[in-house]
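*Asks:* when you get a sec, could you give me coordinates for this:
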Amino acid sequence: MLVTTFSTVFMMYALIHSPNDPTMLGILLFITGILLNLGYSSFMVYPMGLATKQTFPVAVSVINTGGQLGGAAAPLIAGILLDNYSWDAVFIFLAVSTLLSLLVLLTISEPVEDPLNEQPVKS
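*Replies:* Numbers count the residues shown, from 1 in each chain. I've put the predicted structure just below:
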């Protein structure tokens, strides 16, 4: 997840300064797509590993709600930025959004197994 978010910030910056050559632009977009999807499944799988049988439905719904809100809001905001500014503003918005995601990921505290009683302990 960290690799995906970190690389996405830089790829959005690279797209601001994208080349005029169609072949190079195609390669840049291809690399961007790979890096965006590299850890995509981890964003769903990681929290599910921490959920219990009782909290799993709520965890799935919270994650899906966040994803759906982002999926609905991002194109709307990108369109507004594109209408009023340029593609540079859109890519800056996407880079800043991804940077915020990276900062949230860095605040995650992993549960650590206590070797004496085998219960997860918050670190």
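*Asks:* quick one: the strands in this structure?
*Replies:* 111-113, 120-122 (DSSP state E).
*Asks:* ok, of the ones you listed, where does mean pLDDT dip lowest?
*Replies:* With a mean of 57, strand 120-122 has the lowest mean pLDDT of the strands of the chain.
*Asks:* any stretches of the chain with poor pLDDT?
*Replies:* The model of the chain has pLDDT under 70 over residues 44, 111-123.
*Asks:* quick one: buried residues of the longest helix along the chain?
*Replies:* Of all segments of type helix in the chain, defined using DSSP state H, the longest is helix 56-84. For helix 56-84, burial by neighbour count (16 or more other Cβ atoms under 10 Å) applies to 63, 78, 81. Heads up, the C-betas are built off the backbone N, CA and C, glycines and all.
*Asks:* can you redo those residues as CSV with distance to residue 40?
*Replies:* Output for the buried residues of helix 56-84, formatted as CSV (distance: Cβ to Cβ, whole Å):
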residue, distance to residue 40
63, 13
78, 19
81, 24
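*Asks:* closest one of these to residue 69?
*Replies:* Nearest to residue 69 out of the buried residues of helix 56-84 is residue 63 (Cβ to Cβ; 11.0 Å).
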